[in-house]
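**Student:** give the three-dimensional model of this entry:
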Amino acid sequence: MLASDEDGSTLDALKFSLASDIVELVVLTSDDAFLQALREAVGGARRLWHVPSADKVSDLLVAGEVGIVVIDVQTLHDSARVFVEQIKRQFPDLVLVAAGHRDDETSLAGLISAGLVYRFIHKPMSPARAKLFAEAAIKKYENQRQRAAETPQRKPASSATHLWLIGGAVAALLIVGAIAWMAHRSSGEEPAPPNPTETAKPAAVESTVLARAAAALAANRLTEPAGDNALDLYLQLQARNPADADARLGLAEVHERLLARAENALLEERLDEAAAAIETARKSGVESGRIAFLSAQLAKSREQIKTAQVQVQQQSRARTDVRTEPKPEEDHVTPLLTLATQRIADGHLLEPDRDSALFYVQEALRADPQNAAAAEAKRALASRLMEDARSAIDRRDFARALVVIEGADGIAVPANIEVMQNLLAGARKQADADARNQLLKNANERLLQDRLIEPANDNAKYFYLTLKQLEPGNPALASVLQDLGTRLTTKARRALILGQLDAAKSWLDEVGSVGFNSAEVGSVQHDLDAAVAQHNFMTTLVPASQLALLKSVQPSYPMKALNGKLEGWVDVEFTVAETGKVKDVSVRATSNPGIFEDAAIKAVSQWRYKPVLRDAQPVPVRSQIRVRFTLP
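**Tutor:** Numbering: from 1, shown residues only. Just a heads-up that it's a prediction; the model follows:
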């Protein structure tokens, strides 16, 4: 059962009151503090109805002519936008006021700019501020009713009158036709028929301009851009036809929205923005009386803020001047609380240091610890701090959440701070778990993509080592290590087969860096060591002049060279085995390719050297020599 907040009357009493001239306000909220502020703001001059759920709102709207609905967006959660659109489609003349926090205002920005939502109230708010919003909404509703009453309504004709008008019209047409026929007979000329195209042109142009004007109004393009805004287009229509009802109604709506912008800015204490909006409304042709009222309100607000700032400065100087006797603090509490309310609305809760809501609330409480308004401001600040901390936790801005929670110490209830600290700890724990799961997922994805060590900070090795550092005991690490180590070892083996010894060594180093070991790793390391030793042996040459030659064989002079009377040389490399024999002879360079090589290799292969000793043990060495071919 829905009941008025003034008495316990039933829905029948509600229907009766809705039929009266009293403007009714329906408030959809579950926030007791917000509801109480509105009750105090409305007072006994208006009837306020409270509903706890959205489905009850329609019952009240159908029951009678409710003028204003105040919607607490947090009561509707994510369905606020849909609810507003449905209500406005069903009750287009309803004045809708939304309430919530800055995130809620952003989600409804499109509806606010389109005029579906008349005002947006930032929570929490004082009864004085609520009163300003309520009066603006009531004024809006009364203006709508006044315009509706002034719009002429066509009365339906009775059946007899309707038939009489039809008969009269037919008779008139017959008379006009007879006169035209007689004129035609007397003149001998046929009258030119009217050109339907010329008649339709002005109407078509007006229809096009009206459609553009309506589209601009729907998009909230009130005064910009030039030539394609609602104000210019409706003025064009009015210039063509000063009696055009559509043009008058359109201009009235444009003026109303421009005034709404100015009023909103004033209510939110955005004074520079309010000044600009008032000037725009004045230039657009809004009546001078309303402009004068808004201008007066603007000047009053500026003077109040200026006075509050002067008082705060005077109070600050008084505290620092030890020679001045302390004055009663009660005169300073109100301006401090005004500034505190401003800072809360602007979101400056903790910073800057001496110009924040926290600073002004603390100063007010220091001036008068028993002041009820200061205590209320403290509760409002505590609520906003807890809300901001929760918002920071939800978006995982843990550093900001910690700053806000610490700043709430001494302002918010300790139990609420403890709850927020627990939420922060839980959110951090969950974020860490999510981060570890993401690292594991990334590592497995990079393994499938064969991105083992490249690119930097985005490869399987990087994600594996990062996860290992964060959570060494993670059971999934073993599987990732096995896959990663096996893939790195395979790449080392492939490089070794291709003779890329440096690459093979680099891959094995990567295997070692992740801590992987297996039989295959040992095998590849052994084969690499052997290949490196062989490479070093083959590339470390001992000059033949340093070896003791025991036997040499002169090369046979190739017949082709004799016949051609050719001379030349061949540089050969060879191995002196532990026994002193020469083997593995190869040509390094020659003066005449294809002439002396075979003879040089055959001769050097028969040479014998004294074995080379290292640590008293014969060892093989690699050497080189130039074999010359000269004609006898």
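
**Student:** for the protein, just list every one of the strands.
**Tutor:** Counting by DSSP state E, the chain has these strands, from start to end: 24-28, 47-51, 68-72, 95-100, 119-122, 541-543, 549-551, 568-576, 582-590, 608-609, 612-614, 617-619, 621-629.

**Student:** can you pull the buried residues of the last one?
**Tutor:** Neighbour-count burial for strand 621-629, counted by 16 or more other Cβ atoms under 10 Å, picks out Val621, Arg622, Ser623, Ile625, Val627, Phe629. To be clear about C-beta, it is placed using only N, CA and C from the backbone, and glycine gets the same treatment.

**Student:** kindly report the same for the second one.
**Tutor:** Residues of strand 47-51 classed as buried under the neighbour-count rule (16+ other Cβ under 10 Å) are Arg47, Leu48, Trp49, His50, Val51.

**Student:** show me what the third one is bridged to.
**Tutor:** Same thing as Trp49. On the basis of DSSP bridges, Trp49 is bridged to Ser4, Val26.

**Student:** all helices for the stretch 101-250 of the chain, in order.
**Tutor:** Counting by DSSP state H, counting those that start in this stretch, the stretch 101-250 of the chain has helices at residues 102-107, 109-113, 127-150, 159-187, 196-218, 230-240, 245-267.

**Student:** same question, the stretch 451-600 of the chain
**Tutor:** In the stretch 451-600 of the chain, the helices defined using DSSP H, counting those that start in this stretch lie at 460-470, 477-497, 501-513, 519-539, 559-563, 597-604.

**Student:** check which helices and strands the fourth one sits against.
**Tutor:** Helices and strands in packing contact with helix 519-539 are listed as helix 477-497, helix 501-513, strand 621-629; criterion 3 or more Cβ pairs under 8 Å, 6 or more residues apart in numbering; DSSP states H and E.

**Student:** if you set the cut-off to 10 Å instead, what comes out?
**Tutor:** Helix 519-539 is packed against helix 477-497, helix 501-513, strand 568-576, strand 621-629, with contacts defined by 3 or more Cβ pairs under 10 Å, 6 or more residues apart in numbering; DSSP states H and E.

**Student:** now the last one
**Tutor:** Counting contacts by 3+ Cβ pairs under 10 Å, 6+ apart, helix 597-604 is packed against strand 568-576, strand 582-590, strand 621-629.

**Student:** and that helix, what's buried?
**Tutor:** Under 16+ other Cβ under 10 Å, the buried positions of helix 597-604 are Glu597, Ala599, Ala600, Ile601, Ala603, Val604.

**Student:** same deal with the second one?
**Tutor:** If you call a residue buried by 16+ other Cβ under 10 Å, then helix 477-497 has these buried ones: 477, 480-481, 483-489, 491-493, 495-496.

**Student:** likewise for the fourth one?
**Tutor:** Judged by neighbour count using 16+ other Cβ under 10 Å, the buried positions of helix 519-539 are Val521, Val524, Gln525, Leu528.

**Student:** so which of the buried residues of helix 477-497 is the closest to Asn143?
**Tutor:** Val480 (69.9 Å; Cβ to Cβ).

**Student:** that closest one contacts Thr486, doesn't it?
**Tutor:** No - Val480 lies out of contact with Thr486 (Cβ atoms under 10 Å); the separation is 11.0 Å.

**Student:** give me the common contacts of the two.
**Tutor:** Leu447 (Cβ atoms under 10 Å, 6 or more residues apart in numbering).

**Student:** wait, what's in contact with Ala382?
**Tutor:** With contact set as Cβ under 10 Å, 6+ apart, Ala382 has these partners: Val361, Ala408, Gly410, Ile411, Ala412, Val413, Asn416, Ile417.

**Student:** out of those residues, who's the most crowded?
**Tutor:** Among the contacts of Ala382, the one with the most neighbours (other Cβ atoms under 10 Å) is Val361, at 27 neighbours.

**Student:** from Asp32, how far off is it?
**Tutor:** Using Cβ to Cβ, to the nearest Å, we find Val361 at a distance of 22 Å from Asp32.

**Student:** do the same with Ser383
**Tutor:** From Ser383 across to Asp32, the span is 12 Å (Cβ to Cβ).

**Student:** pipe the buried residues of helix 519-539 into a markdown table and attach pLDDT per row.
**Tutor:** Listed next are the buried residues of helix 519-539 as a markdown table, based on pLDDT from 0 to 100:
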| residue | pLDDT |
| --- | --- |
| Val521 | 96 |
| Val524 | 96 |
| Gln525 | 96 |
| Leu528 | 95 |
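
**Student:** take those residues and write them to CSV, including distance to Tyr141.
**Tutor:** Below are those laid out as CSV (distance: Cβ to Cβ, whole Å):
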residue, distance to Tyr141
Val521, 83
Val524, 85
Gln525, 87
Leu528, 88
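
**Student:** widest-spaced pair of these?
**Tutor:** For those, the farthest-apart pair by Cβ to Cβ is Val521 and Leu528; their separation is 10.6 Å.

**Student:** what residues are shared contacts of those two?
**Tutor:** What both Val521 and Leu528 touch, as defined by Cβ under 10 Å, 6+ apart, is the set Ala492, Arg493, Leu508.

**Student:** my read: the second one touches Val524, true?
**Tutor:** Yes - between Arg493 and Val524 there is a contact under Cβ under 10 Å: 5.2 Å.

**Student:** anything in contact with each of these two?
**Tutor:** Ala504, Trp507, Leu508.

**Student:** contact partners for the residue nearest to the last one when sequence neighbours are not counted?
**Tutor:** Of all residues not flanking Leu508 in the chain, Ala492 sits nearest, at 4.8 Å (Cβ to Cβ, 6 or more residues apart in numbering). Neighbour list for Ala492: 500, 503-511, 520-521, 524-525, 527-528 [criterion: Cβ under 10 Å, 6+ apart].

**Student:** determine the longest helix present in the protein.
**Tutor:** helix 414-448 (DSSP state H).

**Student:** all helices for the stretch 251-400 of the chain, in order.
**Tutor:** Along the stretch 251-400 of the chain, counting by DSSP H, counting those that start in this stretch, helices occupy 271-284, 288-320, 330-346, 357-367, 372-394, 398-407.

**Student:** which one of the ones you listed is the most hemmed in?
**Tutor:** Neighbour counts (mean count of other Cβ atoms under 10 Å) averaged over each of the helices of the stretch 251-400 of the chain peak at helix 357-367, with a mean of 22.

**Student:** how far does that helix sit from its chain's centre?
**Tutor:** Its chain's C-alpha centre and that of helix 357-367 lie 34 Å apart, by Cα atoms, centre = their mean, to the nearest Å.

**Student:** could you say what helices and strands that helix packs with?
**Tutor:** Going by 3+ Cβ pairs under 10 Å, 6+ apart, helix 357-367 lies up against helix 288-320, helix 330-346, helix 372-394.

**Student:** between helix 288-320 and that helix, find me the angle.
**Tutor:** In terms of direction (axes from the mean of the first three to the mean of the last three Cα atoms, to 10 degrees), helix 357-367 departs from helix 288-320 by 60 degrees.

**Student:** let's see helix 357-367 as CSV, backbone CA atoms only.
**Tutor:** Extracted as CSV, the C-alpha positions of helix 357-367 are listed here (Å, rounded to 0.1, in the frame of the first residue of the first chain):
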residue,chain,number,x,y,z
ALA,A,357,36.3,19.2,1.9
LEU,A,358,38.3,17.5,4.6
PHE,A,359,40.1,20.7,5.6
TYR,A,360,36.9,22.8,5.8
VAL,A,361,35.0,20.1,7.7
GLN,A,362,37.8,19.7,10.3
GLU,A,363,38.0,23.5,10.6
ALA,A,364,34.3,23.8,11.2
LEU,A,365,34.3,21.1,13.8
ARG,A,366,37.3,22.7,15.5
ALA,A,367,35.5,26.0,15.6
